[in-house]
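Undergrad: Could you look at this predicted model? Sequence included:
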Amino acid sequence: MGEDSPRVGGFSAGLAVILNGEDSNKKSPKTRLLSCYDDLGQQSVERTLEYVFGLPNRSLNSLTSLVDRKFIHSVIKNDFSRYNVKLSDSYGEGDGICFNSKTGSGSDVVIGLEESSICGDIKVIKSPFLIESSAMFSSARASACVWKGKWMYEVMLETSGIQQLGWATLSCPFTDHKGVGDADDSYAYDGRRVSKWNKDAETYGQSWVVGDIIGCCIDLDRDEIIFYRNGNSLGVAFHGIRKMGPGFGYYPAVSLSQGERCELNFGARPFKYPVEGYHPLQAPPSKSYYVTQLLQCWSRLLDMHSVERAEHSLVQKLRRVKRFVSLEEIFLPASYAICEELFSILEADVGITEYMVWGPLLSFMFEVFGLHAPHDYPSLDKVVEVLLQFQGSHVLFEHILNALSCGCKIASLILTECPYSGSYSHLALACHLLRREEFMVLWWKLPDFEFLFEGFLSQKTPNKQDLDSMIPTVWWPGSCEDASYEGNMMLTTTALSESISKIEEKHRDLCRLVIQFIPPTNPPQLPGAVFRTFLQSLLLKNRGAERNVPPPGVSSNSVLVSIYTVVLHFLSEGFALGGICGWLKSCRADVGFLHRGGEQSFPLHLFLKNDPHRADISRLGGSYSHLSKLHPTIDHEMEVIQWDEGCMDSEETRVTHSTRQKPCCCSSYDSDFTRNFKVPAKYLAKGSRGHCSSIPERPAHVATECSDGSLNDDITDKPSSSDQSEPEYGYRQVHHMKSVPKDTNMSTATLREEELLDALLWLYHVGLAPNFKQASYYMTHQAQSISLLEETDKQIRERASEQLKHLKEARNEYREEVIDCVRHCAWYRISLFSRWKQRGMYAMCMWVVQLLLVLSNTDSVFIYIPEYYLETLVDCFHVLRKSDPPFVPSTIFIKRGLASFVTFVVTHFNDPRISSADLRDLLLQSISVLVQYKEYLATFESNEAATQRMPKALLSAFDNRSWIPVTNILLRLCKGSGFSFSKNGESSSSSVLFQRLLREACISDEGLFSSFVNRLFNTLSWTMTEFSVSVREMQEKYQVIEFQQRKCCVIFDLSCNLTRILEFCTREIPQAFLSGPDTNLRRLIELVVFILNHITSAADAEFFDLSLRRHSQSSEKVNRGMILAPLVGIILNLLEATSSAEFRENNDLLDVFASMDCPDTVQYGFQYLLDYNWDGSFRGGAYAAKYDQLEKFLSLLSCRTVLQHDKVDSVEDTDLEDSLCCICYACEADAQLVPCSHRSCYGCITRHLLNCQRCFFCNTTVTDVSKIG
């Protein structure tokens, strides 16, 4: 040791060194660290090392040499190792475990799957034991069994389908249909079906989700099996399991259905949730404890170094003088010595590296870095720098990246840890490490780069029990819960929102690093190439993911949602990274791509090029292989189509980012609306209720871009000047649109924002759409449950005491349902309906609908558009429309940016270029939903495409497939114009304009209307027949079956709607029934009589009404009057029309009624209509005049029926059989079919030819019909 340091003013030289460090601006020359004495004569360096390495006080002798790496390493070898030795944990048969011959022995034991036990097709897709089943049902056992003691293994779920996890003996047979738990001496847990299995299934446990860790524990001392989910016991699953002996114990065993994946951990890695008293089947490395203590030494050293680096007062430094001396020269030698010892241990036994990294080393790095912000970046950087000096460090960091990726999958949101909960800490550490180029290269070169990337983007979805702990208190408007619950729930949802925001921020940081990364390849690639490749691989991997039974190997839904969220933020809010914009095509750092406005462009090669990852994607015109043969598009592949934003809208409806009035996603109203919902839980959207999270403000750059003051003065809306005629399926010619050759100077490797948009739409379709569907279900169910709960509370207050017990039990059930729904709705609002996400979705809809309308004018390109473009547009539109709280008021939702959506749906719902009938139905259903609301119906009335094309298109679309949505649309347009419709003022939601347009369309195109009426007659006849059969089936069984009741309700509603359409036709186009041949009139009257017969002749009227009654609906809302009213309207419409001079000389309505072959049924039906209580359906005395009309007609009908009966009696002896029609036996056979010459009456022949062009009798094709005589 060097010379003693001099005393400085009563303090030691060591203290002087510390105090001199106060002046951070002065750099003193490096000096050797010498042993220095404090006031008591103690040697500080020795004591410091004793503290760092956890040695007993004064166990180190006085230093006689320099404190260097070699000296500290000797301290570790000679002193530290002496006090940190732990006996080996290796197992033998005497401990109750038995290994097969291939497993190894002693400390070299490696437990895996017994290959000979595999039944089906189980493959290890990633080491050590991430397995996947490719067969319908696959099973396997581990290579070790236990026969006494307490043992466990863990299973990490990569999928959450049917898996049976547990224990089985050799006597358990594995087959293609039976696995673990399906035989004696085998026991399993299945969280998908929430059951435990031992030959038979019983309800047990909780539903599991992707990322769950299932602990499978067996206690052979108590003969019990227990399962754990994420460290929480699910209770004892099985008692009294059979005792076993050496060599004949219980094996860990799993059974997986097709496509299911899980990762088994028998102890090769530290357990995530170890259970006290239970041992892993594979013993931890004997050096595990030693390495943990060694890293604790390094942690103490870093803490001391951090203290010295921090600025402290003189008093604070005086307080630490006896222990902490200057560490500037001791830090690096000690760090290197610790790492040297660590790497020597790992080199001696390579097999323990994974365990050491996943356990002690990762825990150490989190301890240094910090789980929460602010993170200690300098200390972590020092650790990394030291580790990188050793050979083999890259192997360590490979394992660290794997461990961090896996940690993201299994991390749960915990309320008490918010806002730094979930996968935040793993992502923050990974992002910091990957900012080093060498680590990014290391990651990129790994064969499972994409697998790890997906792991980083994973987020655990909570199940019911998770939500209970995340949102412990629940409140909803009108609830009887404690008043404090509202505030508590608001605080809870706010905290969870902040956690999700921080995780999403780290996802964006990670993706920015990948986008910026330039891989070391030759030839060199541009930034963004790696990210594009990842997106393409994701698309290729997840082909068919939207099917009901997805293929094996698809990504977790949370991965798709996360990458969607990242891309949406990039395109909507901007990349927030100036360096990106130097190479990203047309990128502006201050404004998101979706909000940019002005001239838009899109490269057509995204649709037309035959890329392998897109070849199997369905296109609007069919499959790519089919289209490429019929419609080759080589000329368009290199083109970029350009257009001006809003060019497809009329001058009156145009709202763009460049007009003075802004779209909903960018208008000043956005922030005003946000301020109106500071307490969003008190707002109830139509049809749903519940608690909402706080709503963040609009980003400043969006507001700036879209404010009036930011507009350039030279931006003006250019009027249309085209004289070209309209194309058949393009509403408006595209102005300011052009196709230009692709920029040859731009490398094909350049990542375009349009490519990200394309990926965004696909990600929404595959990943987000199912989640929004589930959210919609819970919101609807929440509203229904709240209504039932409120109704039950009302009944409890009113009912007698003997019914209270039943009502209170029902109330408790409804309350539990409400609480569960409120929690789920709150979660979906937090995770899916952030304000910025709604803005981005709205702008995405604007962008996509403009693109589709522009391309619809080019047939050769339009048919190549992927179907998911249209599906995503429609689904996203309706998600925003129904969002709770609403994105914007419904009065401006369409008008302020999405008027083009109306244009698109009305133009293309019957577009023959769209080959998929499901897609055309989707557009029809959108119209059906929108016209139910006055504010949206007004948008249709002001839309030129809707008024010009929709009436005729609806009539032609009424076919065997689309008749239901078309019926709903026509009913909404005509609503309020029929008999008994005026009670509640429903006419206010009807459309006088479209009623007039429909009437004009029917009159102007007789062939179209004739075809429509024929299909209407056939459909109504079928629905009423089905309804009658269903009611009769229930009557025969003397019970109302729930399924049959639902079927009756649906068919009855459809029949009522169809009858209302017929009523409208008789009112607006009576000449179709009263002029010309009486075929339509006769068919109409037959239908009226047919319906009256079925409705009025039910043997048990009470049973009939009960079959129509939905749960919780009263007889006032559902009764026979729903279909009787339009029947009365039809009769009254025809009576009023026949009273006018125009139709007086045409078909005789009275005569047709009287000619029906069931006069008694007609008479009874009319009398039933007269006797029915219509008073509640009209205001004032409006029914009196109508009642007189019906009564007068019935009197005339009775007289006419008597006369016709007398006439028949007078000629009953006359032989007319040869001249009567053999079809109806009511009219003379006055027509002949050509060429076969078979005879029948003209009415029967005409009706038959409406649906079939072949002869009744011989099936010959009919070419003509000739009248006889």
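TA: Right, received. Where do you want to start? Residues are numbered from 1 along each chain as shown.

Undergrad: Mind checking what helix or strand follows the host helix or strand of residue 921 in sequence?
TA: Using DSSP states H and E, the secondary-structure element containing residue 921 is helix 917-930. Using DSSP H and E, the next helix or strand after helix 917-930 towards the C-terminus is helix 934-941.

Undergrad: tell me which residues in that next one are buried?
TA: Residues 936, 937, 939, 940, 941 are the ones in helix 934-941 that count as buried (16 or more other C-beta atoms under 10 Å). In short, each C-beta sits where N, CA and C put it, glycine included.

Undergrad: who does that helix touch, helix- and strand-wise?
TA: Counting contacts by 3 or more C-beta pairs under 8 Å, 6 or more residues apart in numbering; DSSP states H and E, helix 934-941 packs against helix 890-893, helix 899-908, helix 917-930, helix 944-957, helix 992-1004.

Undergrad: Need those in a markdown table (columns: mean pLDDT and mean neighbour count).
TA: Output for the helices and strands packed on helix 934-941, formatted as a markdown table (pLDDT from 0 to 100; neighbours: other C-beta atoms under 10 Å):
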| stretch | mean pLDDT | mean neighbour count |
| --- | --- | --- |
| helix 890-893 | 91 | 17 |
| helix 899-908 | 95 | 25 |
| helix 917-930 | 94 | 19 |
| helix 944-957 | 93 | 21 |
| helix 992-1004 | 93 | 17 |
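
Undergrad: Could you dump those helices into a markdown table with distance to residue 536 added?
TA: Below are the helices and strands packed on helix 934-941 laid out as a markdown table (distance: least, C-beta to C-beta, whole Å):
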| stretch | distance to residue 536 |
| --- | --- |
| helix 890-893 | 35 |
| helix 899-908 | 28 |
| helix 917-930 | 25 |
| helix 944-957 | 37 |
| helix 992-1004 | 46 |
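
Undergrad: To residue 422, which of those lies closest?
TA: For the helices and strands packed on helix 934-941, proximity to residue 422 was assessed by C-beta to C-beta; helix 890-893 is nearest, at 33.2 Å.

Undergrad: Can you give me the separation between the most centrally placed residue in the chain and residue 828?
TA: Centroid check for the chain by C-alpha atoms, centre = their mean gives residue 771 as the closest residue, at 1.9 Å. Counting by C-beta to C-beta, to the nearest Å, the gap from residue 771 to residue 828 is 7 Å.

Undergrad: swap in residue 1164?
TA: Residue 1164 is 54 Å from residue 828, where distance means C-beta to C-beta.

Undergrad: repeat for residue 602
TA: 32 Å.

Undergrad: got it, and residue 134?
TA: Remark: distance between residue 134 and residue 828 (C-beta to C-beta) = 34 Å.

Undergrad: Settle it for me: which of the two has more neighbours?
TA: Per other C-beta atoms under 10 Å, whichever of residue 134 and residue 828 has more neighbours is residue 828, with 20 against 16.

Undergrad: The more buried one: what's it in contact with?
TA: 771, 774, 775, 778, 779 (C-beta atoms under 8 Å, 6 or more residues apart in numbering).

Undergrad: could you redo the last one with a cut-off of 7 Å?
TA: Residues near residue 828 by C-beta atoms under 7 Å, 6 or more residues apart in numbering: 775, 778.

Undergrad: element containing it, please.
TA: If you go by DSSP H and E, residue 828 is part of helix 804-832.

Undergrad: what's the pLDDT at residue 371?
TA: Here the pLDDT value assigned to residue 371 is 93.

Undergrad: For the spatially closest residue to it that is not a sequence neighbour, what is the enclosing helix or strand?
TA: Closest residue in space to residue 371, ignoring its immediate chain neighbours: residue 425 at 4.5 Å, by C-beta to C-beta, 6 or more residues apart in numbering. Using DSSP H and E, residue 425 maps to helix 424-434.

Undergrad: quick check: mean pLDDT across that helix?
TA: Over the span of helix 424-434, the pLDDT mean works out to 97.

Undergrad: any idea which helix or strand comes after that helix?
TA: Counting by DSSP H and E, what follows helix 424-434 is helix 437-445.

Undergrad: thinking again about what came up before, take the helix holding residue 425, keep the C-alpha atoms, and write them as CSV.
TA: C-alpha atoms of helix 424-434 as CSV (Å, rounded to 0.1, in the frame of the first residue of the first chain):
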residue,chain,number,x,y,z
TYR,A,424,-44.2,-1.1,-19.0
SER,A,425,-41.0,-1.9,-17.1
HIS,A,426,-40.0,-4.7,-19.6
LEU,A,427,-40.6,-2.4,-22.5
ALA,A,428,-38.8,0.5,-21.0
LEU,A,429,-35.7,-1.7,-20.3
ALA,A,430,-35.8,-3.2,-23.8
CYS,A,431,-36.2,0.1,-25.5
HIS,A,432,-33.2,1.5,-23.7
LEU,A,433,-31.0,-1.5,-24.5
LEU,A,434,-32.1,-1.5,-28.2
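
Undergrad: Tell me what angle that helix forms with helix 437-445.
TA: Interaxial angle, helix 424-434 versus helix 437-445 (axes from the mean of the first three to the mean of the last three C-alpha atoms, to 10 degrees): 110 degrees.

Undergrad: any residues touching helix 424-434, and which ones?
TA: Residues from elsewhere that reach helix 424-434 (C-beta under 7 Å, 6+ apart): 365-366, 369, 371, 375, 377, 380, 401, 404, 407-408, 411, 439-440, 443, 456, 499, 502-503, 506-507, 509-510, 513.

Undergrad: if you set the cut-off to 8 Å instead, what comes out?
TA: Outside helix 424-434, the residues that reach it (C-beta under 8 Å, 6+ apart) are 365-366, 369, 371-373, 375, 377, 380, 384, 397, 400-401, 404-405, 407-408, 411, 439-440, 443, 456, 499, 502-503, 506-507, 509-510, 513.

Undergrad: Could you look up the SS state of residue 225?
TA: Assigned with DSSP: H, G, I helix; E, B strand; the rest coil, residue 225 falls in the strand class.

Undergrad: so residue 594 makes contact with residue 841?
TA: No. In terms of C-beta atoms under 8 Å, residue 594 does not count as a neighbour of residue 841; the distance is 9.4 Å.

Undergrad: tell me which element the spatially closest residue to residue 84 that is not a sequence neighbour is part of?
TA: Closest residue to residue 84 apart from its sequence neighbours, by C-beta to C-beta, 6+ apart: residue 293 at 4.5 Å. Assigned by DSSP H and E, residue 293 falls within helix 288-309.
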